[in-house]
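>>> Provided below are the primary sequence and the corresponding predicted coordinates.
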Amino acid sequence: MERIYVDHCATTPVDAEVMGEMMRFFGNYYGNPASGHTFGREAKQAIEVARLRVAELIGASPQEIIFTSGGTEADNLAILGVAQAAPKEKRHLVISAVEHPAVMNACRFLERFDYRVTLVPVDKDGVIDLKYLEEVLSEDTCLVSIIHGQNETGVVNPLRSVCILAHTRGIPVHTDAVQSVGKIPFDVQDTPVDLLSIAAHKIYGPKGAGALYVRAGTPLLPITFGGGQELGLRNGTENVPGIVGLGSACRKAKRDLAQFIQRTTRLRILLEEGIMNAFPQAIINGQSASRLPHVSSVSFPGISGHKLMQEMDRAGIAISAGAACHTGEERPSYVLKAMGMPDEYALGTVRFSFGWMNEETDVTRILEALGRVVKKSLDK
């Protein structure tokens with residue numbers, strides 16, 4: 001039986017077109033970009049082509065793109081780099097209560113050094129409270145960081161409004177756009193964030209490559225030190241094949257964006273209609289909010305999401321559980337708790353995230369397997 005992969009928020013396969021471009025830089029074009037000879041210049045040129053492709057995806061200038069090892073490093077560089085670059089009296093950061101751990105834990109680290117962090121609450125659909133955000137901004141706020149497409153629920157936050165509120169007070173805005181860039185349109189001129197994080201492996205590129213967009217003039221200090229690569233903001237010899245892969249993935253994402261949205265939206269709607277017809281007690285999380293086209297977070301009351309994920313895997317279908325499992329004990333996701341979800345539902349949450357390889361026949365198989373697995377779980 002052919003397995004079905006519906007966990008594209010976790011990672012995507014490397015596209016064949018992307019892989020083809022990358023492979024040349026593992027073999028024939030292996031130079032160090034810092035070297036002045038032909039080998040080095042070839043690698044350096046490839047990096048600059050990739051930089052342009054990343055910039056074009058989000059409407060930025062190539063000089064505003066800093067390559068990193070992925071979304072986590074990009075988030076860390078944004079949070080720690082802006083905090084360190086800010087005047088000493090500005091030691092307050094504002095983030096949402098549903099940030100990715102890369103942002104959340106970077107801020108927790110700063111609290112050890114007398115920085116103050118405020119969490120902006122979200123409503124039942126997972127959308128940030130803009131009024132609360134406006135009220136907590138203060139003279140000592142050095143950064144606002146609000147996730148764009150939430151990784152567990154797919155809910156999209158109103159970043160343009162966030163930028164208006166923060167920029168009125170001269171506060172820079174960062175967004176973790178790892179799940180949204182390449183999946184929905186994003187232009188940094190239209191939504192004027194100052195920093196934005198990208199990861200290649202979410203858009204059919206390789207793991208271990210990412211980028212941070214830094215708007216020209218945004219104060220930022222490095223968090224690594226070395227030979228001055230990437231304008232001195234991300235030191236270390238560049239991962240040339242990975243960067244080439246990121247650039248290629250961005251070019252493909254830009255070219256095929258409308259088709260991706262149309263294709264995955266159709267699959268998501270079919271899945272959710274099938275689930276609600278079969279399980280009217282289930283909840284589609286964030287259903288009333290703007291959502292990423294390919295993501296569906298569903299809560300089944302009275303069922304273990306972790307066990308549901310395991311049973312679906314045995315049925316040949318890869319999905320993600322919404323609850324963390326530590327030493328045999330399941331804990332509700334802090335994202336779902338922030339949305340006010342009761343434990344009964346939060347613990348029974350799973351995420352489906354579609355990609356290019358999925359077909360309508362996959363949805364049929366998913367619904368059939370869910371019918372068997374959920375019934376089995378409820379009968380126990």
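Great, that's in hand. Keep in mind the model is a prediction, meaning the values are calculated, not measured.
>>> wait, residue 234 sits on residue 77?
Yes - at 6.8 Å, residue 234 and residue 77 qualify as touching, with contact defined as C-beta atoms under 8 Å. In short, each C-beta sits where N, CA and C put it, glycine included.
>>> So which of those two has more stuff around it?
residue 77 (27 against 23; other C-beta atoms under 10 Å).
>>> in the helix or strand hosting that one, what counts as buried?
Under the criterion DSSP states H and E, the helix or strand holding residue 77 is helix 71-85. By neighbour count on 16 or more other C-beta atoms under 10 Å, the buried set for helix 71-85 is 71-83, 85.
>>> Ok, stretch 345-359 next?
345-356, 358.
>>> Stretch 254-273 now?
For stretch 254-273, by 16+ other C-beta under 10 Å, it's 254, 257, 260-261, 263-264, 267-268, 270-272.
>>> Now tabulate the residues you listed in TSV and tack on pLDDT, distance to residue 41 and secondary structure.
Shown next, in TSV, are the buried residues of stretch 254-273 (pLDDT from 0 to 100; distance: C-beta to C-beta, whole Å; DSSP: H, G, I helix; E, B strand; the rest coil):
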residue	pLDDT	distance to residue 41	secondary structure
254	98	27	helix
257	98	33	helix
260	98	35	helix
261	98	39	helix
263	98	40	helix
264	98	40	helix
267	98	45	helix
268	98	46	helix
270	98	50	helix
271	98	49	helix
272	98	51	helix
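>>> Residue 280: which of these is nearest?
residue 272 (12.2 Å; C-beta to C-beta).
>>> low-scoring stretches of the stretch 201-350 of the chain, by residue?
The model of the stretch 201-350 of the chain has pLDDT under 70 over residues 323-329.
>>> got a list of what residue 62 touches?
By C-beta atoms under 8 Å, 6 or more residues apart in numbering, the residues touching residue 62 are 48, 51-52, 54-55.
>>> If you rank those by neighbours, which is first?
Result: residue 54 is most packed of the contacts of residue 62 (other C-beta under 10 Å), 27 neighbours.
>>> If you count neighbours, what's buried in the helix or strand that residue falls within?
Under the criterion of DSSP H and E, residue 54 resides in helix 38-58. Across helix 38-58, burial judged by 16+ other C-beta under 10 Å covers 42-44, 46-47, 49-55, 57-58.
>>> Ok, stretch 4-21 next?
4-9, 11-12, 14-15, 18-19, 21.
>>> Wait, a helix at residue 281?
No - judged by DSSP: H, G, I helix; E, B strand; the rest coil, residue 281 forms no part of a helix; its state is coil.
>>> was I right about it contacting residue 301?
Yes - counting by C-beta under 8 Å, residue 281 does reach residue 301; the two are 5.9 Å apart.
>>> Tell me which of these two has more neighbours.
Taking other C-beta under 10 Å, residue 281 and residue 301 do not tie; residue 301 has more neighbours (16 against 11).
>>> That one looks like it's in a strand, true?
No - counting by three-state DSSP, residue 301 is not found in a strand; it is coil.
>>> residues in contact with it?
281-282, 344-345, 348.
>>> run the last query once more with 10 Å
Listed by C-beta atoms under 10 Å, 6 or more residues apart in numbering, the contact partners of residue 301 are 279, 281-283, 342-348, 378.
>>> and what of residue 302?
So residue 302 contacts 281, 344-345, 347-348, 374, 377-378 (C-beta under 10 Å, 6+ apart).
>>> let's see 6 Å
Not one residue lies near residue 302 by C-beta atoms under 6 Å, 6 or more residues apart in numbering.
>>> Within the sheet, what are the partner strands of the helix or strand harbouring residue 174, with directions?
In the assignment (DSSP H and E), residue 174 maps to strand 173-176. Strand 173-176 has its sheet partners listed here by DSSP bridges as strand 141-145 (parallel), strand 195-199 (parallel).
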